[in-house]
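Asks: Here is a sequence together with a model predicted from it:
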Amino acid sequence: MTNVSQTMETEEDLLTLLHIKFYHPQQHCKGLYDSLPLGTRSRCSADDPLRLGRDAQACTYSLADPKVSRKQLALNAYRTPKSPDMLFSIQNLSQRGRLSVNGSSLGYLERMDLPDKTLIRFLEYEMVIIRESGEAKTSFEVDMEVLTVPPSRETCTCVPGRAPVMDTGMVNQNTAGLRELGPLETDETLIYYK
């Protein structure tokens, strides 16, 4: 009996950890993350998928956003015969929208393996998932936090369709209605005329 107890303690100390970091452009004025255990580690069973979506009963973690699918995505833990590491795959559970994983698009029920650091996008959400290896085989931990800036800005991955725009001070009729897309960039090059 002592051996089992010591084994469990050892496994508990060496759990794989998923850091999940969220960003949404309107996160300050909406209670999007009210149901998430921010700032505390949660223990999850490795044989159950970790689901994220709007439905708190069907999902492990829920987002309070009517635009999010009832079941948006799932993270599945797995192991390979040649490695002691617990690895993860991601699956798109939304029939309404695509899921972007490090720039690769996943349709409904499509899945892919997650690298140790991953940028995930759906709707207006951006998530970074960072995996820290552990040796436990039956469970892992999740730590969630909210980011103040979009992770795509920090990693220099541009959002498709949002090319930088030079602000010249003149209004162009073709771009006059696009100001709500985000901040404009200014060209700081000085031009001297002779």
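Replies: Yep, it's here. Residues are numbered from 1 along each chain as shown.

Asks: switch to C-alpha atoms for all contacts and neighbour counts from now on
Replies: OK.

Asks: now the helices for the protein?
Replies: Under the criterion DSSP state H, the chain contains helices at 2-13, 151-154.

Asks: in the chain, what spans have low per-residue confidence?
Replies: The chain contains residues with pLDDT under 70 at 1-13, 154-194.

Asks: center of it - which residue?
Replies: Centroid-nearest residue in the chain: Met127, 2.0 Å away (criterion: CA atoms, centre = their mean).

Asks: Go ahead and confirm that one touches Ile120.
Replies: Yes - with contact defined as CA atoms under 8 Å, Met127 counts as touching Ile120 (5.0 Å).

Asks: For the residue nearest to the centre of the chain, list each beta-bridge partner.
Replies: Here Met127 sits in beta bridges with Phe22, Ile120, going by DSSP bridges.

Asks: separation between it and Glu135?
Replies: Between Met127 and Glu135 the distance, using CA to CA, to the nearest Å, works out to 25 Å.

Asks: do Gln27 as well
Replies: Counting by CA to CA, the gap from Gln27 to Glu135 is 35 Å.

Asks: do Val68 as well
Replies: 34 Å.

Asks: contacting residues for the residue lying closest to Val128 once chain neighbours are set aside?
Replies: Once flanking residues are discounted, Val128 sits nearest to Leu119: 4.7 Å by CA to CA, 6 or more residues apart in numbering. Neighbouring residues of Leu119 by CA atoms under 8 Å, 6 or more residues apart in numbering: 100-103, 126-129, 151-152.

Asks: Okay then, goodbye and thanks.
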